[in-house]
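1. Whatever this is, show me its structure:
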Amino acid sequence: MPHSRKKKCAKSSRPRAARAYWLPMPQSDADTIILQCRLALEVIRKGDASQTDAQCIAHAVLLTRLLSETGYGRLDPDVILEAEEDMLSMLEGGAQTGQWRIPEASLPALTAIVNEHDRQLREVRLADVIACNERLEKFIAEAVRAQQPDAA
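-> Residues are numbered from 1 along each chain as shown. Below you'll find the model as predicted:
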């Protein structure tokens, strides 16, 4: 009899793992991610940002947009679009000058997006967060490939 009991336990562990994708991200993981975003936002606010800080916030902005487009957003899409444009300008300007700055007028929108990103990470199913993140990674890879000169 103990043998059949082990089989039941082994079989039940698989659905438990699959069920995790239907739940939000574990709180400790969400805390880690959002802490990085909040620290990057604070450094940007102070005007001492690095490329890493800018990329962290840009990732949060884009992932928030993708999750919002999937139906999990509470922000006005225009706020996200404006923040995307500001982040793109910051990334382009930083790549040229080495100074990663954003207009002070853009900070309230970025703060709202980081707050929305925090909410999404805590409430949206992990499977949807993963799917949107994979879409974002593919988009980034395509953009990098498009910027590289042809080797021909």
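
2. I'd like to know which elements the helix or strand where Q120 lies is packed against.
-> Per DSSP states H and E, Q120 falls inside helix 107-123. Taking 3 or more Cβ pairs under 8 Å, 6 or more residues apart in numbering; DSSP states H and E as contact, the helices and strands that helix 107-123 lies on are helix 27-46, helix 51-67, helix 77-97. The C-beta positions use only the backbone N, C-alpha and C, and glycine is treated the same way.

3. I'd like to know which of the ones you listed lies nearest to T111.
-> helix 27-46 (6.6 Å; Cβ to Cβ).

4. picking that back up, list of residues touching the helix holding Q120?
-> 24-25, 27, 30, 33-34, 37-38, 41, 44-45, 57, 60-61, 63-64, 67-68, 72-75, 79-80, 82-83, 86-87, 102, 129 (Cβ atoms under 8 Å, 6 or more residues apart in numbering).

5. mind redoing it with 7 Å?
-> The contact list for helix 107-123, computed with Cβ atoms under 7 Å, 6 or more residues apart in numbering, reads 24-25, 30, 33-34, 37-38, 41, 45, 57, 60-61, 63-64, 67, 72, 74-75, 79-80, 82-83, 129.
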